[in-house]
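Student: Show me the folded form of this:
(one chain, ligands or ions: 2)
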Amino acid sequence: MTGVAPANAPAVGTVRTPGVTTAESPLLEVTDISAFYGRVHALKPTSLHIGRGELVTVLGPNGAGKSTLLRAITRLTPASGRIAFEGRDVSGLPTHRLAELGVIMVQEGRGLFGQMSVRENLILGAYTRPGGDMDKQLGRVFELFPRLKERIDQISASLSGGEQQMLAIGRALMAEPKLLMLDEPSLGLAPRVASEILATLGELNRQGLGILLVEQKAPLALKLAKRVYVLSLGQIAAELPASEIRSHHDLARYYLH
Ligand SMILES: Nc1ncnc2c1ncn2[C@@H]1O[C@H](COP(=O)(O)OP(=O)(O)O)[C@@H](O)[C@H]1O
Ligand SMILES: [Mg+2]
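Tutor: Numbers count the residues shown, from 1 in each chain. Ligands and ions are numbered 1, 2, ... in the order given. Here you go, the predicted model:
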């Protein structure tokens, strides 16, 4: 029976075979992802990539589609298009399977369990790592955010806004992400607290974590990121090195103060 391809053979022209991880493939590669709410085309076909160990920021005004983009990538919102993670096509996987692979999102509004303690919220973050070393992970989170350790038995609803954001990030870290995506983590926080939290993201990135940071207007994010996507009206209006924002007057006026 020569000449008959096995049923599971990759289609002719497939560049990356699912399941094969290559060192050169980006951490995340999104191709033509697109999402609707009813008849509203909130995210027009959008492509982006994040390299391994890279921190990329997505900026855009309110309503631009930033949250929809993150929700589409993590499959919290139905979307068409292709998503590859570490070179593997993961387009068909649901949110929890992506989480198991290491794609973790900190949602806008933090999504904490308000009536549960700091400890309980953190432990729930590790649900995708049932065999993991819980104490080691908790220790890592407390090293980054000592204030969470001081408040370990406090009900999370009673934390300050900054502490709640720290807890949301800490809970995401309990899942041992390879790619951490954050939806406006500085929203509603005092500048000093926002800057402290973003500095911690910079530290995590220096340790090798890939980060996709969504912010609305964020000089702080531009200091951390090397590369920026600007989202406007549901599509990417610009992709450029963060250092070049200054030379684009319209972008600089909007994003640098
Ligand atoms: N659940 C929803 N139902 C209908 N429209 C929505 C929903 N969520 C967002 N939208 C619309 O989609 C567009 C993009 O929203 P969103 O992704 O939340 O933008 P951003 O996060 O950049 O502020 C906006 O026009 C918004 O009104
Ligand atoms: Mg949003």
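Student: Now do the same contact list for the residue positioned nearest the centre of the chain.
Tutor: Nearest residue to the geometric centre of the chain (CA atoms, centre = their mean): M181, 1.0 Å. If you count contacts by CB atoms under 8 Å, 6 or more residues apart in numbering, M181 has them with 70, 73-74, 103-106, 211-214. Using the backbone N, CA and C atoms, a C-beta is placed for each residue, glycine as well.
Student: what element comes up after the strand or helix carrying E29 heading to the C-terminus?
Tutor: According to DSSP states H and E, E29 maps onto strand 28-37. Note on strand 28-37: by DSSP H and E, the next helix or strand toward the C-terminus is strand 40-50.
Student: and whatever helix or strand comes next after that following strand, C-alpha only, in PDB?
Tutor: Where DSSP H and E defines the elements, the next helix or strand beyond strand 40-50 is strand 55-59. Output in PDB follows, covering the C-alpha atoms of strand 55-59 (Å, rounded to 0.1, in the frame of the first residue of the first chain):
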ATOM      1  CA  LEU A  55       7.900  41.200  27.600                       C
ATOM      2  CA  VAL A  56       5.500  42.800  25.100                       C
ATOM      3  CA  THR A  57       2.900  45.500  25.800                       C
ATOM      4  CA  VAL A  58      -0.400  46.100  24.000                       C
ATOM      5  CA  LEU A  59      -1.600  49.600  24.400                       C
END
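Student: now the angle from strand 55-59 to strand 40-50?
Tutor: Orientation of strand 55-59 against strand 40-50 (axes from the mean of the first three to the mean of the last three CA atoms, to 10 degrees) gives an angle of 160 degrees.
Student: residues in contact with strand 55-59?
Tutor: 48, 50, 66, 69, 201-202, 205, 210-218, 221-222, 224-231, 242, 255.
Student: now do 6 Å
Tutor: Residues from elsewhere that reach strand 55-59 (CB atoms under 6 Å, 6 or more residues apart in numbering): 50, 66, 205, 211-215, 221, 224-225, 227-231, 255.
Student: now do stretch 129-136
Tutor: 126, 176.
Student: Now for L201: which residues touch it?
Tutor: I211 are the contacts of L201 under CB under 6 Å, 6+ apart.
Student: And it, how close does it get to ligand 1?
Tutor: Distance of L201 to ligand 1, computed by CB to the nearest ligand atom, to the nearest Å: 19 Å.
Student: and which of the contacts of M181 is nearest to S156?
Tutor: Compare each of the contacts of M181 with S156 using CB to CB and the shortest gap goes to V106, at 13.9 Å.
Student: Quick check: that closest one vs ligand 2, distance?
Tutor: For V106, the distance to ligand 2 equals 12 Å [CB to the ion, to the nearest Å].
Student: Grab the nearest non-local neighbour of R75.
Tutor: T95 (4.8 Å; CB to CB, 6 or more residues apart in numbering).
Student: quick one, what contacts that neighbour?
Tutor: Taking CB under 6 Å, 6+ apart, one finds 74-76 in contact with T95.
Student: before we move on, what about M166?
Tutor: Taking CB under 6 Å, 6+ apart, one finds 145, 148 in contact with M166.
Student: Can you give me the neighbour number for the closest residue to P219 other than its chain neighbours?
Tutor: Sequence neighbours aside, L256 is the residue nearest to P219 in space, at 5.6 Å (criterion: CB to CB, 6+ apart). Look at L256: counted by other CB atoms under 10 Å, it has 12 neighbours.
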